[in-house]
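[1] sharing a model prediction with you, sequence too.
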Amino acid sequence: MDGSGIYGSGMDRSGLDGAPARVRRRTGLGRGPATRALVALLCCCGTWLALSARAAAPEQVLVVNTGDDSVSLVDLATLRQRKRFAVGSSPYGVAVTRDGRSVAVGVEGEEKVKFFDLNDFSLEAEVPIGPMHHDHIVLSPDGSEILVANYDSDSVVLIDAAARKRVGRIEGTSAPHVVKYEPSRKRAFVTCKKITGIAVIDPAERTLLKFHQIKVNPRGLTFSPDGSKLYFGSFWVDGFFRMDAESGKVERLFALPTPEDSLPQEVTYHGVESVGPSLVLAANEGGRGSTRWTSARARCWIVWKTCPIRTASNAFRDGRASRCGCW
């Protein structure tokens, strides 16, 4: 497996503009409820890892199947599952090491992050974390550390990627869920779900820089290309918000009512993801349950543009969203 070009959970990937549209058909992945929830966010929330020798053309993707305790390797050329590996009870977060040789998986049922050889998924190391609850993980820009947004400890845990041991903890993030580096790669932003808000941390200095308290409960987040704005979804909101990254001021709600055949959801737009200089995608979880998911289809909607879009297909025009299929 060639891991020389790796795109990890939580990384904005300007070179992956075409990747979401390619993941369109069935891949043979599990279809339990938890698996479907993660698959729905492959394009929009960074819960996938693409591996390729060429940065602009990812060839393989790793998908976490929480429902059956496994990770799947999917070939993007054939859109088929190549291999499936058992990793332990209730996996969730995933990150590949910088050298492309290992993958770290948050195995929440065992309360640890496990490191596996990327070729055969043989177990290399285990790092105890403590109780975990949908903890997103991300590789630091220099590849030296892995950040775990640890919900139960109200902190971001730092793991040395080479030594495979905990080396630090950043307090003050109340029930963190998603952690993602800004485009400059200097700071990381964390959505927090008890004292609701978005924390800004400096992982290198192990410090909490700011905490932007807000009145809604944020989930996924993404950034404008220059990092000046961030976008996040929230519980029970049909749309998503724009925030000024420095001041923490919520500037706008991009209201996007769900389709007529959808049902109210606790998190209607769970994941948002910048997929290039002109588009932000949002994953709609409001489909009709088993019918929608049995057909292995997810709804993604283009809900914002940063500049005029000239292509005719799947474009956002005049404030109206047109559907953009992920599968």
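    Everything's here; your move.
[2] check whether residue 237 really touches residue 257, as I assumed.
    No. Contact criterion CB atoms under 8 Å: residue 237 and residue 257 do not qualify, at 11.0 Å. C-beta: built from backbone N, CA, C; applies to glycine.
[3] tell me which of the two has more neighbours.
    Using other CB atoms under 10 Å as the criterion, residue 237 and residue 257 rank with residue 237 on top: 20 against 11.
[4] partner strands of the helix or strand hosting residue 232 and their direction?
    Using DSSP states H and E, residue 232 sits within strand 229-234. According to DSSP bridges, strand 229-234 forms sheet pairs with strand 218-223 (antiparallel), strand 239-244 (antiparallel).
[5] could you chop this structure up by domain?
    Following the assignment in automatic domain parsing, the chain carries domains at 1-128, 214-327.
[6] and those domains, which one is worst for confidence?
    Among the domains of the chain, domain 214-327 carries the lowest mean pLDDT, a mean of 63.
[7] and the strands paired with strand 229-234, which is most packed in?
    Among the strands paired with strand 229-234, strand 218-223 has the highest mean neighbour count (mean count of other CB atoms under 10 Å), at a mean of 26.
[8] and residue 142, what are its phi and psi?
    Backbone dihedrals for residue 142, given as degrees, to the nearest 10, come out at phi -90, psi 0.
[9] list the contacts of the nearest residue in space to it that is not next to it in sequence.
    Nearest residue to residue 142, sequence neighbours excluded (CB to CB, 6 or more residues apart in numbering): residue 98, at 7.6 Å. By CB atoms under 8 Å, 6 or more residues apart in numbering, the residues touching residue 98 are 6, 139, 142-143, 161.
[10] now the two most distant members of those.
    Farthest pair in the contacts of residue 98 (CB to CB) is 6 and 142. Separation: 13.5 Å.
[11] between those two, which is the more surrounded one?
    Counting neighbours by other CB under 10 Å for residue 6 and for residue 142 shows that residue 6 has the greater number, 24 against 10.
[12] quick one, helices of the protein?
    Per DSSP state H, the chain carries helices over the ranges 19-22, 33-39, 289-294.
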